[in-house]
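# coords please:
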Amino acid sequence: QVQLVESGGGLVQAGGSLRLSCKASGRTLSSYAVGWFRQAPGKEREFVARIDLRGGNTYYAESVKGRFTISSDNDWNTVYLQMNSLKPEDTAVYYCAADGPIVSGRYNVWGQGTQVTVSS
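Predicted coordinates:
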C-alpha cells in the first residue's frame, strides 16, 4: 500500500514561487497517475494538475496553466509541483493523490496536505 507525504508549503508573497513535493513510500509510483488538488477555506476541493507517470502526460487546470509545472523524479518516488507567479487566490491546502497501481481515474490514496499562503 502506497503512502504519500506532501511538503514544501509555506508563506510567500504574490509573484513568488514554491515547489511542493509528494513523496511516496511503500511502493514505487511508476505505474500510477498522481494528481495535485487544493482546497481553500469555504470552497470545494479542486483539481490542479496530474501526471501519468507511465507515459509522462500532464494535465493542468486552466487557472494554473503556464504558471505551475508537475513533474517526477527519475525513480518515480517523488512528484513535484513547481508553482510560479503565485497569486493570493492560490492560497489553499494542497493535497497530492495517487491513482493506481492500475490507473482507473479514481484517486485511492491521499496525502495529509500542505498549506500554501500567498500574501498580496
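
# Geometric centre of this structure: which residue is closest?
Taking CA atoms, centre = their mean as the criterion, Trp36 is the residue nearest the geometric centre of the chain, at 2.8 Å.

# per-residue pLDDT, the spatially closest residue to Ser7 that is not a sequence neighbour?
Nearest non-adjacent residue to Ser7, counting by CB to CB, 6 or more residues apart in numbering: Ser21, 5.0 Å away. Any C-beta I mention is one placed from the backbone N, CA and C, and that applies to glycine too. We have a pLDDT of 98 for Ser21.

# for the one 5 residues further on, same thing?
For Gly26, the model assigns a pLDDT of 91.

# same thing with the one 4 residues further on?
Note for Ser30: predicted pLDDT of 88.

# residues in contact with it?
Residues near Ser30 by CB atoms under 8 Å, 6 or more residues apart in numbering: 53-54, 76.
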